[in-house]
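Visitor: Need a 3D model of the sequence below.
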Amino acid sequence: MLKYFDNMPEGAIKKGDVLYVISDILELSKQERILKNRFDRDEFINCLQEMVGEEGTLLFPTFNWDFCKGIAFDYNNTPSKTGALTSFALKRPDFKRTRHPLYSFAVWGKDADKLVEMTNINSFGEGSVFDYMNKVNAKSFVIGLHVLDGMTYVHHVENIVGVPFRYNKKFVAPYIDKDGNESEYMATMYVRDLDMNAEEIEQFKPLSDILEKDGVSKTWYWNTVQFHALSLRELDDYVRRDIKENDSRNLYVYNHIDKVPGEEDPRKID
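Guide: Numbers count the residues shown, from 1 in each chain. As a prediction, this is how the structure comes out:
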């Protein structure tokens, strides 16, 4: 096991886990340079594979939002915009890419083929990779960031429960599949209604503080680099309660909301 995991709490990552890896390796690389070492991305990913084993699954987000601008999504060539480690995983021959043009993942392990076969058009709703993560009780594994920094899974919960300041919006652009065939494709994203003046709180800090206080996240450090392992199903419960009982005030600040959570949105796509 790599030195980064020497202080890992018991059970934080174990055989058979499904890990959603959210990463910023800048500080990790910086600390290694101070020690006159090089951060080895291959070795790091290999270690994660060994930790979850053949019964586990790894998911690295390889999101790219150019499709929203009408730019073609090219399954084989569209780059990841979610960090250096995700870009590296995407290039490894033992990883496969899921199909969604906005929210794709580089995946490895037991459920990799199942994930690659998903054909959902909705980014966050039922049948999406985020829905899969809930059903299998996946964990987020956060590297070099605060526990909810970059936590896109929150939008899955919002989409399932329904919030008044987001709605499903259609995006249509060219799609080039794995075999190079091009066609017009439609995908939807649960986007924020800018007229509602709801602003996402950086790192969802109030909810992060509650999770830390309640000991929900398993957290450890290597030098100055923080690591977190968090059950997404537990996170799901906290986010749902905040939406239903607190008008999402641990996630957003806003000036006004004209509808209440759960009210039918006339813009909703069937």
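Visitor: Residue 107 - nearest residue in space that isn't next to it in sequence?
Guide: Residue nearest to residue 107 in three dimensions, not counting chain neighbours: residue 115, with 4.8 Å by C-beta to C-beta, 6 or more residues apart in numbering. In this view, the C-beta of every residue, glycine as well, is placed from N, C-alpha and C.
Visitor: Tell me who's in contact with the nearest residue to residue 72 once chain neighbours are set aside.
Guide: Of all residues not flanking residue 72 in the chain, residue 174 sits nearest, at 3.7 Å (C-beta to C-beta, 6+ apart). Contact analysis of residue 174 by C-beta atoms under 8 Å, 6 or more residues apart in numbering lists 72-73, 182-185.
Visitor: picking that back up, the residue nearest to residue 107 - that's part of a helix, no?
Guide: Yes: assessed by DSSP: H, G, I helix; E, B strand; the rest coil, residue 115 belongs to a helix.
Visitor: re earlier: just the buried residues of the contacts of residue 174.
Guide: Among the contacts of residue 174, those buried by neighbour count (16 or more other C-beta atoms under 10 Å) are 72-73, 185.
Visitor: Can you add secondary structure and give the residues you listed back as JSON lines?
Guide: Rendered in JSON lines, the data for the buried ones among the contacts of residue 174 read as follows (three-state DSSP):
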{"residue": "72", "secondary structure": "coil"}
{"residue": "73", "secondary structure": "strand"}
{"residue": "185", "secondary structure": "strand"}
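Visitor: what's the distance between the residue most central in space within the chain and residue 248?
Guide: Most central in the chain under C-alpha atoms, centre = their mean is residue 152, positioned 4.6 Å from the mean C-alpha point. Residue 152 sits at a distance of 16 Å from residue 248 (criterion: C-beta to C-beta, to the nearest Å).
Visitor: for residue 204, same thing?
Guide: Separation of residue 204 from residue 248 (C-beta to C-beta) stands at 10 Å.
Visitor: follow-up on the earlier one: verify the stated contact: the residue nearest to the centre of the chain with residue 103.
Guide: Yes: contact status for residue 152 versus residue 103: in contact at 7.3 Å, counting by C-beta atoms under 8 Å.
Visitor: so what sits against both of the two?
Guide: Common neighbours of residue 152 and residue 103, counting by C-beta under 8 Å, 6+ apart, are 61, 63, 124, 130.
Visitor: Got a PyMOL select line for the buried ones in these?
Guide: PyMOL command restricting these to the buried ones, with burial defined by 16+ other C-beta under 10 Å:
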select buried, resi 61+63+124+130
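Visitor: Select from the shared contacts of residue 152 and residue 103 every entry located in strands.
Guide: residue 61 (DSSP state E).
Visitor: of the shared contacts of residue 152 and residue 103, closest to residue 109?
Guide: Of all the shared contacts of residue 152 and residue 103, residue 109 sits closest to residue 61, with 15.5 Å by C-beta to C-beta.
Visitor: just the helices in this protein please.
Guide: Applying DSSP state H to the chain gives helices spanning 26-34, 41-52, 84-91, 112-116, 129-135, 153-161, 205-214, 232-246.
Visitor: Which among those helices is found nearest to residue 146?
Guide: helix 205-214 (5.9 Å).
Visitor: list the contacts for residue 225?
Guide: By C-beta under 8 Å, 6+ apart, the neighbours of residue 225 are 4, 27-28, 31, 143-144.
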